[in-house]
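Novice: Prediction below, plus the sequence it came from.
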Amino acid sequence: MADVYEKTTTAPVNIAVIKYWGKRDTSLILPTNSSLSVTLSQDQLRSKTTIRASKDFKTTRLWLNGVEEVNLENNKRLQACLRSTRLLRKEYENSLSSAGHLNIPPLSEWNLHICSENNFPTAAGLASSASGFACLVYTLAKLFELPTSITDLSRIARQGSGSSCRSMFGGFVAWEMGNNADGSDSQAVQVASETHWPELEALICVVSDLKKATSSTEGMQHTVNTSELLQYRISKVVPKRMHDIEAAIHARDFKKFAEITMRDSNQFHAVCMDTFPPIFYMNDVSRAIIRLITEYNNSGDGTYKAAYTFDAGPNAVIYAPKKNIKEIINLLAHYFPSTLDSNKEYFNDHACLFSAEERI
Ligand code: DP6
């Protein structure tokens with residue numbers, strides 16, 4: 001039987017607290033501002049990718065959640081990730097053979113069968129492309145046995161989907177926008193590890209698992225082309241927020257972290273609204289969740305108890321200290337009584353499901 005090489009890895013979802021929205025270079029995927037995210041635990045949300053390489057494969061094929069994707073040649077982002085990792089593999093093969101190693105399989109030239117699946121709704125604003133491309137690039141790097149650093153791999157994942165560069169690390173991760181036109185300094189760096197702030201938890205509220213009407217890729221370029229507010233955001237607001245939230249993370253200062261997170265989510269949706277024609281990602285349930293968290297924060301002693309953030313979809317992610325999670329789940333269950341899931345599961349999974357019709 002012909003040699004078949006196979007690798008499987010998983011990659012986590014990340015949810016930005018300082019949002020990436022806008023590209024200065026759409027083919028290299030270079031952002032108009034730096035961003036920062038929290039990588040979630042893989043227990044609930046993750047992508048899983050298996051890649052096989054064989055010299056007998058006639059073509060490279062891809063299956064996403066069990067369905068084969070056709071016309072891979074037109075998938076520029078996938079091709080960019082394959083090209084970059086194959087190039088690194090080729091260099092590695094050359095270096096091994098010039099060091100006298102024999103029989104190195106030329107994986108850089110073989111076709112691949114790629115099988116990728118998510119255990120959560122794809123394209124519903126839950127960062128499926130982030131974990132998906134991070135997983136693809138990481139699996140390729142393992143299959144090809146590349147001696148490449150994670151930050152270097154993050155620059156490749158970035159060309160699959162911008163936010164995926166941040167899923168290459170656990171913990172708190174910044175995507176530094178960089179200055180170079182070739183993207184050689186636009187990469188992810190870990191700000192603090194996954195063990196740094198164990199009291200901080202994330203609660204995912206799935207308001208709708210339908211595919212969003214305007215993709216992030218499409219939406220953010222409409223914003224770049226039409227929003228005046230975006231220029232203010234990228235030049236005046238984000239640089240200071242990046243600095244301040246990093247300080248809040250290092251100091252485990254939840255009040256500061258929460259305020260910046262909520263303000264940045266609000267401003268991201270404000271630039272979507274300032275896009276012409278406007279883009280709406282949140283729905284009535286999303287706005288009801290904002291009101292609920294605001295009231296909840298006002299009910300305390302001045303210390304924030306929770307922070308909401310919304311990506312390019314109606315689903316909420318709530319960051320909160322562990323000690324408040326049970327109370328927040330009870331509040332959500334009270335105001336959204338016909339939640340689709342059982343209470344028991346909320347407590348175990350820290351994920352809530354809402355039906356999109358509900359109103360507070
Ligand atoms: C709102 O990374 O999905 O989630 O680079 O075009 O693939 P592309 O966009 P994508 O955009 C994510 C936007 C966001 C904010 C964020 O994750 O920072």
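Specialist: It's in. Numbers count the residues shown, from 1 in each chain.
Novice: Output the set of residues of the stretch 151-300 of the chain in proximity to the ligand.
Specialist: 161-163, 216-217 (C-beta under 6 Å from any ligand atom). (Glycine included, C-beta is placed from N, CA and C.)
Novice: Make a PyMOL selection of the buried ones in those residues.
Specialist: Burial among those is assessed by 16 or more other C-beta atoms under 10 Å; the matching PyMOL selection reads:
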select buried, resi 161+162+163+216
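Novice: Quick check: the two most widely separated of the residues of the stretch 151-300 of the chain next to the ligand?
Specialist: Put simply, by C-beta to C-beta the two of these set farthest apart are S163 and T217, 10.7 Å from each other.
Novice: residues near whichever residue of the stretch 251-360 of the chain sits closest to the ligand, how many?
Specialist: Nearest to the ligand, among the residues of the stretch 251-360 of the chain, is D311, at 3.8 Å (C-beta to the nearest ligand atom). D311 sits with 25 neighbouring residues when counted by other C-beta atoms under 10 Å.
Novice: Tell me which other helices or strands the strand or helix carrying R287 touches.
Specialist: Assessed by DSSP states H and E, R287 sits inside helix 284-298. Under the contact criterion of 3 or more C-beta pairs under 8 Å, 6 or more residues apart in numbering; DSSP states H and E, helix 284-298 touches strand 307-310, strand 316-321, helix 322-335.
Novice: Including mean neighbour count and mean pLDDT, could these go into JSON lines?
Specialist: Formatted as JSON lines, the helices and strands packed on helix 284-298 follow (neighbours: other C-beta atoms under 10 Å; pLDDT from 0 to 100):
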{"stretch": "strand 307-310", "mean neighbour count": "24", "mean pLDDT": "97"}
{"stretch": "strand 316-321", "mean neighbour count": "23", "mean pLDDT": "93"}
{"stretch": "helix 322-335", "mean neighbour count": "15", "mean pLDDT": "89"}
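Novice: Residues touching stretch 106-116, excluding its own?
Specialist: Residues outside stretch 106-116 that contact it (C-beta atoms under 8 Å, 6 or more residues apart in numbering) are 5, 47-55, 57-65, 82, 86-87, 89-90, 93, 132, 135-136, 143-144.
Novice: go with 6 Å
Specialist: Stretch 106-116 is contacted by residues 49-53, 55, 57, 59-64, 86, 89-90, 93, 132, 144 when judged by C-beta atoms under 6 Å, 6 or more residues apart in numbering.
Novice: So for it, what gets flagged as buried?
Specialist: 107-108, 110, 112-116.
Novice: Where is the longest helix in the protein?
Specialist: Using DSSP state H, we find that the single longest helix of the chain is helix 76-98.
Novice: Flag every buried residue along it.
Specialist: Result for helix 76-98 [16+ other C-beta under 10 Å]: buried residues 77-78, 80-82, 84-86, 88-89, 92-93.
Novice: Same question for stretch 200-216.
Specialist: Buried, per 16+ other C-beta under 10 Å, within stretch 200-216: 200-209, 212, 214, 216.
Novice: Return the subset of these lying in strands.
Specialist: Judged by DSSP state E, those include 200-206 as members of strands.
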